[in-house]
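*Asks:* Pasted the sequence and its predicted model underneath.
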Amino acid sequence: MAVVELTGVTKKFGDVLAVDAVNLAIADGEFMVFVGPSGCGKSTTLRMVAGLEATTAGTIAIGDRDVTRLQPKDRNVAMVFQNYALYAHKNVYQNLGFGLQVRGTPKSEIDMRVRRAADMLGIEDLLDRKPKQLSGGQKQRVALGRALVRDPDVFLLDEPLSNLDAKMRVRMREEIAKLHAATGSSMIYVTHDQIEAMTLGDRIAVMQDGRVQQVGPPLELYDRPANVFVASFIGSPEMNLIEGELAQKGKAAGFVSGELSLPAPAKLKDPSNGGREVVAGVRPEHLAVVSDAHAGFAAKVDLVEQMGAQTLLLCSSGATSVRALVDRDDKVAIGDRIRLQAAQDNVHVFDLGNGASLLAG
Amino acid sequence: MNDITLGRRAALYGLVCVTVLYSFFPIYWMLISSFRDDRSLYANFSLLPGPFSLTNYEVLLELTDYPTWFTNSILVAFGTVCITLVISVLIAYSVTRLQFRGKMVVVGTMLYAYMFPPLLLAIPLFSLFVKLGLADTRLSLMISHCTITLPLGVWLLWGFFKQIPMDVEEAAMVDGCSRLRAFILVVLPLTLPGVLTVAIFSFLLSWTDYTFALVMIGTDSLKTLPAGLDTMVGSYELRWGELMAGSTLIALPLLVMFMFLSRYFIHGLSAGALKG
Ligand SMILES: Nc1ncnc2c1ncn2[C@@H]1O[C@H](COP(=O)(O)OP(=O)(O)OP(=O)(O)O)[C@@H](O)[C@H]1O
Ligand SMILES: [Mg+2]
């Protein structure tokens, strides 16, 4: 059962096409993440679900109601804003209870729900404080609590963690995940941080230029990116993307670009396509240093970044630069000549023109 | 080091004292004169208060139209405050929140109107009121006062509404409020210092206005305090004692208002449009 269903949802600001015919269904209890670069239309899409922005075209349904023309107050959604948006003149208790109070909930019930939410978020001691007496993390908890007490059909969160410092961000991320598990509510979460997207989402919708590029579970996006954009956006460090051509059938290397060669993946849609110009992609963590002088391709180490458990090598093979993320290696030094190899199944191939993946399924 | 700061402090305090003395002496003089009887007003007076007498107040309240003028002043001032608040809140809010053509022209024009000296506005306004059949009414005086209070109100509140982030209002709407309800329950309380500042400004202006009152109102029983007191000057003799008592009573509501609201007033001045 889809709790939220977007059909052909489009938004224009004057001539700017901010959201372009988005079709998406969010299931009951699902944690859906919208991710994409700045300005791709994530917030606008979320705000259209909330009713804060009118749609230019398309319909939005929540549960079995068409809410496209309804006011925000009639949609039974709750929203958490990037800048917390707490009511500065009310204390924490009143902030939490406000949504219930305007709906005419009895006082005793408000009290019970506010205390339960405060308990879940560990903010019982802050109930008498005003928002300006709270730290950023505490403010965000209150903002979450304000959504939580309402028992909405769907939670909408727009970059709720981006104002927090790195440590607090990780902590709150875990708490949001726990909250989702505990309440089992549907959530739509907007972020531009792909790590947040990967760790939180049941499914991720990657957006670019107002369009959804691909929707799927995090690991599916990681393993089978539908196009060059998704491939480069998901995963860190970024996937190496190399322009070159597919070799003729029968050759050992499936893909060549100057001195660089990679095996062609077995799932290639049309393997007979020898000579076709394509973009090949391989993730840094899927490149390994090999000692066999005939395996893989030769590369020169340009830069070494020690990251603790792993070592990131910036290498060049001819004019192409590639990054390899390998197990910790204390000996490798700038200027070393090494050989890098990727397993056949870890190589992606994309169309040079439109960037679409050329792998089957 | 310590000496310098001490010296500076002393100089600063000295300066403050001089300023306070300078501004408050007339008020002090008005107050003590109002409580003297005629004889001690003109002969062998001293800077210290006394001898104490209430005759001035008795004469003022029993033998002149003062109570009527006081009522008129109250009516006009409250009317001005209400009109100003309702209209300037509506304009300032729509200018900050809605997109429409020429909204900056609206604000610009209003500020321009604010720069006119009252007398320049009063005469054409009066002829307008005559045409409309409103001449010589309290309503015409309220409308005249609004020509000054409205631009100021819009300008001040505009600064306040700009400071309230859009998302607080949106949060209230998602929480279950209509736009109007979000405005009343969330935006207005947050801009209360601004609203009070505008209310005080309008009240002050209307309460102390002399120019418009002189031009707009001819009938004695419709006059406000400043214009009414003026009729006491020179009609047969200068009655200083009653004038001082009348002025003291004009100042009284202002004093009370300031005691209760100065906190908001100062906050409003420093937080609103005047700051940035
Ligand atoms: N009120 C508006 N008026 C005009 N254009 C707008 C408005 N709101 C958003 N846009 C435009 O719509 C596009 C999408 O904006 P949106 O805020 O949805 O991006 P986003 O994906 O949330 O980006 P970010 O990660 O920076 O928050 C952008 O090009 C933006 O400039
Ligand atoms: Mg955004």
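*Replies:* Cool, got the structure. Ligands and ions are numbered 1, 2, ... in the order given.
*Asks:* okay, CA-based contacts and neighbour counts for the rest of this
*Replies:* Will do.
*Asks:* burial measure for the residue of chain B found nearest chain A, as a count.
*Replies:* Closest to chain A within chain B is B:Gly176: 4.0 Å, counting by C-alpha to the nearest C-alpha. The number of residues packed near B:Gly176 is 26, by other C-alpha atoms under 10 Å in any protein chain shown.
*Asks:* With B:Val105 instead?
*Replies:* Using other C-alpha under 10 Å, B:Val105 is surrounded by 10 other residues.
*Asks:* ok so, going back, now the residue of chain B closest to chain A. Nearest residue, chain neighbours left out?
*Replies:* Nearest residue to B:Gly176, sequence neighbours excluded (C-alpha to C-alpha, 6 or more residues apart in numbering or on different chains): A:Lys73, at 4.0 Å.
*Asks:* Please determine how far that neighbour is located from ligand 1.
*Replies:* According to C-alpha to the nearest ligand atom, to the nearest Å, A:Lys73 and ligand 1 sit 20 Å apart.
*Asks:* Hmm, that residue is touching B:Val174, no?
*Replies:* Yes: judged on C-alpha atoms under 8 Å, A:Lys73 makes contact with B:Val174 at a distance of 5.2 Å.
*Asks:* and A:Phe34, what helix or strand is that in?
*Replies:* According to DSSP states H and E, A:Phe34 maps onto strand A:31-35.
*Asks:* So which residues make contact with that strand?
*Replies:* A:26, A:42, A:180, A:186-194, A:197, A:200-207 (C-alpha atoms under 8 Å, 6 or more residues apart in numbering or on different chains).
*Asks:* thinking again about what came up before, report the contact partners of the residue of chain B closest to chain A.
*Replies:* For B:Gly176, counting by C-alpha under 8 Å, 6+ apart, the contacting residues are A:Pro72, A:Lys73, A:Asp74, A:Asn76, A:Gly99, A:Val102, A:Arg103.
*Asks:* What pLDDT does the model give the third one?
*Replies:* Spelled out, it's A:Asp74. Note on A:Asp74: pLDDT of 95.
*Asks:* Near it, how many other residues are there?
*Replies:* Neighbourhood size, A:Asp74 [other C-alpha under 10 Å]: 17.
*Asks:* mind giving me the domain ranges of chain B?
*Replies:* For chain B, the structural domains run B:1-53, B:65-270, going by automatic domain parsing.
*Asks:* Kindly reformat those domains as CSV and extend each row with mean pLDDT.
*Replies:* Listed next are the domains of chain B as CSV, based on pLDDT from 0 to 100:
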stretch, mean pLDDT
domain B:1-53, 82
domain B:65-270, 87
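*Asks:* Point out the most buried one among those.
*Replies:* Most buried of the domains of chain B, by mean neighbour count (mean count of other C-alpha atoms under 10 Å in any protein chain shown): domain B:65-270, with a mean of 18.
*Asks:* Please determine how far the closest residue to chain B within the stretch 51-200 of chain A is located from A:Phe81.
*Replies:* Residue of the stretch 51-200 of chain A nearest chain B, by C-alpha to the nearest C-alpha: A:Lys73 (4.0 Å). A:Lys73 sits 16 Å away from A:Phe81, going by C-alpha to C-alpha, to the nearest Å.
*Asks:* which of these two has more neighbours?
*Replies:* Ranked by neighbour count (other C-alpha under 10 Å), A:Lys73 and A:Phe81 place A:Lys73 first, with 24 against 20.
*Asks:* helix, strand or coil for the closest residue to ligand 1 within chain B?
*Replies:* Ligand 1 sits closest to B:Gln99 of chain B, with a gap of 9.8 Å, by C-alpha to the nearest ligand atom. Three-state call for B:Gln99 (DSSP: H, G, I helix; E, B strand; the rest coil): coil.
*Asks:* Ramachandran angles for A:Arg173?
*Replies:* Main-chain torsions, A:Arg173, degrees, to the nearest 10: phi -60, psi -50.
*Asks:* Get me the contact residues on the stretch 101-250 of chain B for chain A.
*Replies:* Neighbours of chain A within the stretch 101-250 of chain B, by C-alpha under 8 Å from any C-alpha of the partner chain: B:165, B:167-168, B:170-178, B:186, B:189-190.
*Asks:* who wins for most neighbours among the contacts of B:Gly176?
*Replies:* Within the contacts of B:Gly176, most neighbours by other C-alpha under 10 Å means A:Pro72, with 27 neighbours.
*Asks:* Mind giving me the packing neighbours of the helix or strand where B:Arg263 lies?
*Replies:* Assessed by DSSP H and E, B:Arg263 sits inside helix B:240-271. Under the contact definition 3 or more C-alpha pairs under 8 Å, 6 or more residues apart in numbering or on different chains; DSSP states H and E, helix B:240-271 sits against helix B:2-34, helix B:55-63, helix B:192-208, helix B:225-232.
*Asks:* would you list the ones you listed in a markdown table and tack on distance to A:Val289?
*Replies:* Formatted as a markdown table, the helices and strands packed on helix B:240-271 follow (distance: least, C-alpha to C-alpha, whole Å):
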| stretch | distance to A:Val289 |
| --- | --- |
| helix B:2-34 | 71 |
| helix B:55-63 | 103 |
| helix B:192-208 | 67 |
| helix B:225-232 | 94 |
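*Asks:* how about a markdown table for these, with distance to ligand 1 added?
*Replies:* Below are those laid out as a markdown table (distance: least, C-alpha to the nearest ligand atom, whole Å):
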| stretch | distance to ligand 1 |
| --- | --- |
| helix B:2-34 | 50 |
| helix B:55-63 | 61 |
| helix B:192-208 | 27 |
| helix B:225-232 | 51 |
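*Asks:* among those helices, which is nearest A:Pro152?
*Replies:* Closest approach to A:Pro152 among the helices and strands packed on helix B:240-271 (C-alpha to C-alpha): helix B:192-208, 31.4 Å.
*Asks:* neighbouring contacts of the closest one?
*Replies:* Applying C-alpha under 8 Å, 6+ apart, the external contacts of helix B:192-208 come out as B:73-74, B:76-78, B:80-81, B:84-85, B:89, B:142, B:145, B:149, B:152-153, B:156-157, B:160, B:188, B:225-226, B:254, B:261, B:264-265, B:267-269, B:272.
*Asks:* got the angle for that helix vs helix B:240-271?
*Replies:* Taking axes from the mean of the first three to the mean of the last three C-alpha atoms, to 10 degrees, one finds helix B:192-208 and helix B:240-271 inclined to each other by 160 degrees.
*Asks:* next SSE after helix B:192-208?
*Replies:* Trace forward from helix B:192-208 with DSSP H and E and the next one is helix B:211-216.
*Asks:* then whichever strand or helix holds A:His180 to PDB, C-alphas only?
*Replies:* Applying DSSP H and E as the criterion places A:His180 in helix A:166-183. Output of helix A:166-183 as PDB, limited to C-alpha atoms (Å, rounded to 0.1, in the frame of the first residue of the first chain):
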ATOM      1  CA  ALA A 166      29.800  16.300  12.400                       C
ATOM      2  CA  LYS A 167      29.700  14.300  15.600                       C
ATOM      3  CA  MET A 168      26.100  15.400  16.500                       C
ATOM      4  CA  ARG A 169      25.100  14.700  12.900                       C
ATOM      5  CA  VAL A 170      26.200  11.000  13.300                       C
ATOM      6  CA  ARG A 171      24.400  10.700  16.600                       C
ATOM      7  CA  MET A 172      21.200  12.300  15.400                       C
ATOM      8  CA  ARG A 173      21.300  10.100  12.300                       C
ATOM      9  CA  GLU A 174      21.300   7.000  14.500                       C
ATOM     10  CA  GLU A 175      18.500   8.400  16.500                       C
ATOM     11  CA  ILE A 176      16.400   9.100  13.500                       C
ATOM     12  CA  ALA A 177      17.000   5.600  12.300                       C
ATOM     13  CA  LYS A 178      15.900   4.300  15.700                       C
ATOM     14  CA  LEU A 179      12.900   6.500  15.700                       C
ATOM     15  CA  HIS A 180      11.800   5.200  12.400                       C
ATOM     16  CA  ALA A 181      12.200   1.600  13.600                       C
ATOM     17  CA  ALA A 182      10.200   2.400  16.700                       C
ATOM     18  CA  THR A 183       7.300   4.200  15.100                       C
END
